[in-house]
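> Okay, predicted coordinates and the sequence, questions at the end:
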Amino acid sequence: MSDPYVARYNAHMDQNALKLAAAKAAIAYVPIDTIIGVGSGSTVNLFIAELAKISHRIKAAVSSSEASTALLKQANIEVMTLNDAGFLSVYIDGADEITPHLAMIKGGGAALTREKIVAAASDKFVCIADQSKLVDVLGAFPLPVEVIPMARSYVARELVRLGGHPEWRMKDDKGVVTDNGNWILDVHGLVITNPVELESTINQIAGVVTNGLFARRGADVALLASIDGVKTLTR
Ligand code: 5RP
């Protein structure tokens, strides 16, 4: 009889190998001698390790989270603020879900606001993920919404009016605090057939900093790794 612990461990390792394949493929999208944007999450962590090997080829990086900043610095890659950097040639980041049209749900790591800002300032968005993130319709992954703490329950009521089931993201019995000092609501039960519209609608709610739909500015390229290789999707 197979051991369920071993089966889970093997599945995790397989997914890790796919994330690494996507991370490696992204190196070809890093232009020489430019400042690049770097996202957050386990796939991006693998990308940063690959980037370390060619760090002499880039000028610097702008990071979307304190966690990625720490890894970039460990890899001896200069980290600039977005205000100092200005224009970014490319933004490399993962996703929690992505559609064939390259709209995404992001924010599983609570870095969605800075991710959206760095993505907006970048010429090209390259999404790296394993193929399991590809979906036809967004919403099975709960949609993260970053909120100003005093607005949490008001925003939650408004999200219920939109048909969702918001849940306050907790860790160790405390609300998860983002790098910007805010809280996260994860919205379950949404079937997102018009991500561009829903992204704008949620962002109009007073107290919302931003939501994890990346549809108005989706990815330009997705590098999706499966056991058959890395598939490239473009807009
Ligand atoms: C963090 C993110 C990540 O890109 C997303 O959660 C995917 O993470 P991973 O590469 O670990 O699957 O949006 O806020």
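Happy to help now that I have it. Numbering: from 1, shown residues only.
> Tell me the spacing between residue 133 and residue 105.
Plainly put, residue 133 is 9 Å away from residue 105 if you go by C-beta to C-beta, to the nearest Å. Heads up, the C-betas are built off the backbone N, CA and C, glycines and all.
> the domain parsing of this protein - what is it?
Domain ranges of the chain: 4-135+216-234, 143-212, per automatic domain parsing.
> Can you say which of those domains is packed in most?
domain 4-135+216-234 (a mean of 19; mean count of other C-beta atoms under 10 Å).
> sorry, back to before: include mean pLDDT when you put the domains of the chain into a markdown table, please.
Output for the domains of the chain, formatted as a markdown table (pLDDT from 0 to 100):
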| stretch | mean pLDDT |
| --- | --- |
| domain 4-135+216-234 | 96 |
| domain 143-212 | 98 |
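> Make a markdown table from those domains and add distance to the ligand to it.
Listed next are the domains of the chain as a markdown table, based on distance: least, C-beta to the nearest ligand atom, whole Å:
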| stretch | distance to the ligand |
| --- | --- |
| domain 4-135+216-234 | 3 |
| domain 143-212 | 7 |
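> and the gap between residue 48 and residue 55?
Residue 48 sits 10 Å away from residue 55, going by C-beta to C-beta.
> do residue 168 as well
From residue 168 across to residue 55, the span is 39 Å (C-beta to C-beta).
> got it, and residue 16?
Taking C-beta to C-beta, one finds residue 16 at 23 Å from residue 55.
> Likewise for residue 99?
Residue 99 is 33 Å from residue 55, where distance means C-beta to C-beta.
> Then residue 202?
Counting by C-beta to C-beta - residue 202 and residue 55 are separated by 37 Å.
> give me every residue that touches residue 107.
Residues near residue 107 by C-beta atoms under 8 Å, 6 or more residues apart in numbering: 96, 115, 143, 144, 146, 184, 211, 212.
> Recalculate using a threshold of 10 Å.
Shown in contact with residue 107 (C-beta atoms under 10 Å, 6 or more residues apart in numbering): 40-41, 95-96, 113, 115-116, 141-146, 169, 178, 184, 186, 210-214.
> Need the nearest residue in space to residue 154, chain neighbours excluded.
Distances taken as C-beta to C-beta, 6 or more residues apart in numbering place residue 207 nearest to residue 154, at 5.9 Å, with adjacent residues excluded.
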